[in-house]
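Student: have a look; sequence and predicted model below, questions after that.
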There are 2 protein chains.
Amino acid sequence: MSTTTAHAEIASFTPYPIKHLPINIQLGEESLIVEWDHGHQSEYHYLWLRDNCHCSECIASLTREQVFEICDVPLTIKPIEAYISDDNRIIIQWDFEQHLSQYHPGWLLSHCYSESALNDKKLDSKVWDKERIQGELPNTQYKKVLENDDELLSWLKDLRDYGLALVTQVDTQTNTLVKVANRISFIRETNFGTIFNVQAKADANSTAYTNLRLPLHTDLPTRELQPGLQFLHCLINDATGGESIFVDGFKIAEHMREHYPEDFASLSAIPMSFYNKDKETDYRFRGTAIVTDSNGKIVEVRLANFLRGPIDVPSHQTMALYKAYRRFISLTRETKFQHFQRLNQGDLIVFDNRRVLHARNAFDLKAGRRHLQGCYIDRDELLSRIRVLERNRL
Amino acid sequence: MSTTTAHAEIASFTPYPIKHLPINIQLGEESLIVEWDHGHQSEYHYLWLRDNCHCSECIASLTREQVFEICDVPLTIKPIEAYISDDNRIIIQWDFEQHLSQYHPGWLLSHCYSESALNDKKLDSKVWDKERIQGELPNTQYKKVLENDDELLSWLKDLRDYGLALVTQVDTQTNTLVKVANRISFIRETNFGTIFNVQAKADANSTAYTNLRLPLHTDLPTRELQPGLQFLHCLINDATGGESIFVDGFKIAEHMREHYPEDFASLSAIPMSFYNKDKETDYRFRGTAIVTDSNGKIVEVRLANFLRGPIDVPSHQTMALYKAYRRFISLTRETKFQHFQRLNQGDLIVFDNRRVLHARNAFDLKAGRRHLQGCYIDRDELLSRIRVLERNRL
């Protein structure tokens, strides 16, 4: 079977290997039914097909962006003729402007939107408790991340799926974390700068910059888009205490959904306010502690006790919200969910800040210094990087 | 009446002037009812009051962040005693750990969460069509934005409410827009850099960098968080054509909700995919073209025809989505909604990219050069800046 790819004609950098061939087509009222050689059946609406014409009139060759607009053809556009060509493309001549479109079978099958095809494309997070992550914590070495794209890809996919991953043997010069971060993309700047130094300091404007205990939280819940990935690189840690604790917020949320469905419903529906007031900034965001997508999949948690603003929901929701919030916090305190990780010199831990809550125990600097550097990169960048690395392997 | 503010004791940089005094309190089953001297009545739940204790045990004085956690007291916590003090504070002694809390009347009233108080805090966007914005387009001068905080605040509030505002007489040296942007905050970096140059170029990876017509769109719908504010600074524009066109997406969405409720419902509920595939990046996001908040208020639009990926929703939703999408695009093409603005040398236009769709006509460089510089700043930064400027005026 041909493995011809279809770069130029489908206006994409992604190759679409031909895995199956169309063997029959039927013209329905508003859609085309395609039968494939492995028994799968796809339905493509005529508007969808016209919209996805890849000819050089419809797509600007320079930018690979669509210049055609779907509202410029009738809603009822139909084929005059449709057939499978000798080279296994589907060819359609339209009843409007006699436009001719052709569809590459690799591209077409990979964009099938049947229920089973959509289900196959869903990614499942690997949610974890203490026991699972102790056995499965993804980790690699600094040198491999920098030099080996295959190793990088594998580590990034683990990071996406587990939301937590370690790099060891990292150089302990300041700002070395930028080299790892830039293997994904640029750093997201915040009011704390591009790189932040986690050290106890006298004029702390955040508990992070003291030696106090930090309860489990996500960073910057006061921002509409919480930072996606957080990097924490340990340059030196001779202090006593200060262990990092990680909890999979998705696991807690799923546990709540199963055992305390009312509390889960409250945290998913009733917004909380988060405030970060400083001398020169005053960030506030109002959002739910648990976010689910249209399929009910948990996609985000947002929680930091020390950054909550006063609850400001209608009176009849106040107690339900408190009850649910207290439940969530209580669950995060159960040791069966908590992964302890002492960060030692040369360790770099990266986690999905919109999923994995992190905490740190109080520490004592009598025994020595403690200096971590951190930065953020958004989820968009991680997912883009994974796609590009995968594209290169197809 | 006292106008004593309450900075230190309420752990905030925002002053809370005392406008009214509590004249009576009643202890309910799970909440305290407060009557104020202007007739307003507030209900504060006991858990809420305990949660908002501002004493130095509950709030870390250095960082002004809460160290107390509400799940460490019983759900049924109640006052042993509650009264209005001689200096008009509400004092509560709790039945758990004998903790003593006191509440500043200015702070307390401003955090009332009665239905009427919550309604008063809602901000309404000033939605516009061609006629309204022609008469009301907010504008100011470069020198005023740089030098005058009151003028800046007024301009920023207009920008927040209208989603579109102009600065004139801006220096035409490259990168001058950074000076205006930094009056708000830092710039949001993207794969196009921190500052992007809008000029026709040979190796364009986006239609923006050609001389082609750009249909009405939001920038970077391929990112989970579309950039909030977009700045476009005109350094030179001697080309023929290339007029900028702006449409208030909130106006279009409201028009749809009124006249085509089914289409509005489809665009608010059925996600579309947006793809931006380039050599080194492959950004994709799936989200609805219209986003409403929990009160049904329209808070975002997301649309760029040339960045749509193939529609990938279940078959029974495909036609409804196409019908609604075509409706939206058709409405944006109606001239009654379109504001034309030719950007001349020294003009800087700023708009809410998550609300205001922008477009540009094709241009011809025979008559002269055309060079715009652009950058992005997120909504969080605008709102924070407004709060800090307002705080300084209280």
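Tutor: Great, that's in hand. Numbering: from 1, shown residues only, chains lettered A, B, ... in the order given.

Student: near chain B at all, the longest helix along chain A?
Tutor: Taking DSSP state H as the criterion, chain A has its longest helix at helix A:315-332. Yes: under the criterion of Cβ under 8 Å from any Cβ of the partner chain, chain B is reached by helix A:315-332 at A:315, A:318-319, A:322-323, A:325-326, A:329-330. Using the backbone N, CA and C atoms, a C-beta is placed for each residue, glycine as well.

Student: just the buried ones from the residues you listed?
Tutor: A:315, A:318-319, A:322-323, A:325-326, A:329 (16 or more other Cβ atoms under 10 Å in any protein chain shown).

Student: tell me what the lowest-mean-pLDDT helix or strand in chain A is packed against?
Tutor: In chain A, the helix or strand scored least confidently by mean pLDDT, DSSP states H and E is strand A:363-364, which has a mean of 84. Using 3 or more Cβ pairs under 8 Å, 6 or more residues apart in numbering or on different chains; DSSP states H and E as the contact test, the elements touching strand A:363-364 are strand A:240-241.

Student: mean confidence for stretch A:278-291?
Tutor: Taken as a whole, stretch A:278-291 carries a mean pLDDT of 94.

Student: with only the CA atoms kept, save that stretch in CSV.
Tutor: Provided in CSV are the C-alpha atoms of stretch A:278-291 (Å, rounded to 0.1, in the frame of the first residue of the first chain):
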residue,chain,number,x,y,z
ASP,A,278,0.6,43.9,46.3
LYS,A,279,1.9,47.5,46.2
GLU,A,280,2.0,47.8,42.5
THR,A,281,-0.4,45.0,41.4
ASP,A,282,-3.9,43.9,42.4
TYR,A,283,-4.8,40.7,40.6
ARG,A,284,-8.2,39.1,41.1
PHE,A,285,-9.9,36.2,39.5
ARG,A,286,-13.2,34.5,40.1
GLY,A,287,-13.4,31.0,39.0
THR,A,288,-14.4,27.5,40.1
ALA,A,289,-11.9,25.4,42.1
ILE,A,290,-12.6,22.4,39.7
VAL,A,291,-13.1,22.9,36.0
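
Student: and that stretch, what's buried?
Tutor: The neighbour-count check on stretch A:278-291 (16+ other Cβ under 10 Å) flags A:278, A:281-285, A:287-291 as buried.

Student: do stretch A:125-136 as well
Tutor: By neighbour count, with 16+ other Cβ under 10 Å as the criterion, the buried positions of stretch A:125-136 are A:125-130, A:133.

Student: give me every residue that touches the closest residue to A:H99 other than its chain neighbours.
Tutor: Distances taken as Cβ to Cβ, 6 or more residues apart in numbering or on different chains place A:C53 nearest to A:H99, at 7.0 Å, with adjacent residues excluded. Remark: with contacts taken as Cβ atoms under 8 Å, 6 or more residues apart in numbering or on different chains, A:C53 is in contact with A:68, A:99, A:101.

Student: what's the burial count for the second one?
Tutor: Applying the criterion other Cβ atoms under 10 Å in any protein chain shown, we find 17 residues in the vicinity of A:H99.

Student: now do the same for it: its pLDDT.
Tutor: Model confidence at A:H99, given as pLDDT, is 98.

Student: good, we can wrap up now.
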